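No sequence on hand, only this structure:
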């Protein structure tokens, strides 16, 4: 009797566990939450369908492991990054740079690509009148121009006095007389020619020759000084690489490595949720440069030939790119094995050439 009671008790204890095990055995595999945000060319969305380098790679890994997944889209890179830190997604399938700061807050799979930062600028390198004026002033050319103008005005007055004395047909009122004399003085100064008759006597010819020589010198000086100032303004006003960013307002994507770089370098930076918004500010001249992932910048530039944008300087701050997972994820080992096999098969290199083969 006692043994029957013990057996019944054991059966009552085992039955719920067996039922739970049976339920687990018939339960559908869990669906992986793959976090994504549109970041060309790694993650694109066309007609509601995700595609791109990272999407193709992720789908290959998920297929190898037989994983079921659904995409969870976030409006910006920063929001997706925060969701990964909080464990709201099981895997971040955007291209993330592996940094010592991020690796303390999330896990990374094996790197699949090496990238780096580059600088994008507005191609419209115009020189404004204000910058030209300041350049002429700072280089001392304005003082010489002022002296030249004073000489021309003095010559105008002297010519008017001479004409009023020796030419009975000359205008007797000062306004018309000065205007005509000024026209002839400027004509000789700028072109070396004039319809004005020569002053009488040998000294008239000598003075006319001297004035022609003065005019040639004035034209040459004006041309060379303005050209030199415009050249200097162009060289100093154009950002040609990361070393020229100091003193300029720089646009970066919020939460990106570029933002950390600019802040660590004490650069004046403005954050944007997406690259298109940063480029829009660059084109409208609200910022002077955009710092971001070199592949993304070059891809965007090539995809929008109508925009006056270009990349300058070398690729710097080179780092490896990888998928990220919340810390302690049980998926990490299997995903790394699948990723490593894709590396060894040459699939990732073929994928890289397919998407970025024409990118420097």
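The structure has been received and is ready for your questions. Predicted, not measured: the structure shown is a model, and the values here were computed from it. Numbering: from 1, shown residues only.

For the stretch 151-300 of the chain, which segments are assigned as helices?
174-191, 202-237, 257-264, 275-283, 294-303 (DSSP state H, counting those that start in this stretch).

Kindly calculate the angle that the shortest one makes with helix 294-303.
By that I understand helix 257-264. For helix 257-264 against helix 294-303, the angle by axes from the mean of the first three to the mean of the last three CA atoms, to 10 degrees is 110 degrees.

For the longest strand seen in the chain, buried residues please.
The longest strand of the chain (DSSP state E) is strand 309-326. Within strand 309-326, the residues that count as buried by 16 or more other CB atoms under 10 Å are 309, 311-313, 315, 317, 319, 321-326. Just so you know, the C-beta spots here come from the backbone N, C-alpha and C atoms, and that holds for glycine as well.

and what of stretch 107-114?
107-113.

For the buried residues of strand 309-326, please prepare a markdown table with the additional fields pLDDT and distance to residue 268.
Formatted as a markdown table, these follow (pLDDT from 0 to 100; distance: CB to CB, whole Å):
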| residue | pLDDT | distance to residue 268 |
| --- | --- | --- |
| 309 | 92 | 20 |
| 311 | 92 | 20 |
| 312 | 90 | 18 |
| 313 | 90 | 18 |
| 315 | 91 | 23 |
| 317 | 89 | 18 |
| 319 | 90 | 24 |
| 321 | 93 | 27 |
| 322 | 95 | 31 |
| 323 | 96 | 33 |
| 324 | 96 | 29 |
| 325 | 96 | 35 |
| 326 | 96 | 34 |
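
Kindly state the pLDDT recorded for the residue nearest to residue 30 when sequence neighbours are not counted?
Closest residue in space to residue 30, ignoring its immediate chain neighbours: residue 68 at 7.7 Å, by CB to CB, 6 or more residues apart in numbering. pLDDT for residue 68: 96.

so residue 68 bridges to which residues?
residue 31 (DSSP bridges).

In this structure it contacts residue 31, no?
Yes. The pair residue 68 / residue 31 is scored as a contact, 4.9 Å apart, by CB atoms under 8 Å.

where does the stretch 51-200 of the chain dip in pLDDT?
The stretch 51-200 of the chain contains residues with pLDDT under 70 at 125-136, 138-141, 168-169, 188-200.

can you do 50?
Applying pLDDT under 50 to the stretch 51-200 of the chain flags the ranges 126-127.

returning to that earlier point: hmm, who's touching the helix or strand that the longest strand of the chain is followed by?
Scanning forward in sequence from strand 309-326 by DSSP states H and E, the next helix or strand is helix 332-345. Under the criterion CB atoms under 8 Å, 6 or more residues apart in numbering, residues 57, 60-61, 64-65, 91, 107, 109-110, 112, 323, 325, 348 lie in contact with helix 332-345.

And stretch 103-111, by the same measure?
84-85, 92, 96, 98, 102, 320-329, 332, 335-336, 339-340, 343.

for stretch 312-320, same thing?
So stretch 312-320 is contacted by 97-99, 111, 113-121, 239-244, 257, 261, 294 (CB under 8 Å, 6+ apart).

Can you say which of those are buried?
Buried among the contacts of stretch 312-320 (16+ other CB under 10 Å): 97-98, 111, 113, 115-121, 239, 242, 244, 257, 261, 294.

Is residue 38 in contact with residue 49, as I believe?
No. Residue 38 is not in contact with residue 49 according to CB under 8 Å; the separation is 11.9 Å.

Please say which of the two ends up with more neighbours.
Ranked by neighbour count (other CB atoms under 10 Å), residue 38 and residue 49 place residue 38 first, with 20 against 9.

Look up how far residue 70 lies from the more buried one.
17 Å (CB to CB, to the nearest Å).

And the strands in the stretch 1-150 of the chain, which stretches?
Secondary structure of the stretch 1-150 of the chain (DSSP state E, counting those that start in this stretch): strands at 31-36, 44-46, 49-51, 68-73, 91-97, 106-108, 113-122.

Could you say which one of the ones you listed comes nearest to residue 251?
strand 113-122 (8.7 Å; CB to CB).

Sheet partners, orientation included, of that closest one?
Short version: by DSSP bridges, strand 113-122 pairs with strand 289-293 (antiparallel), strand 309-326 (antiparallel).
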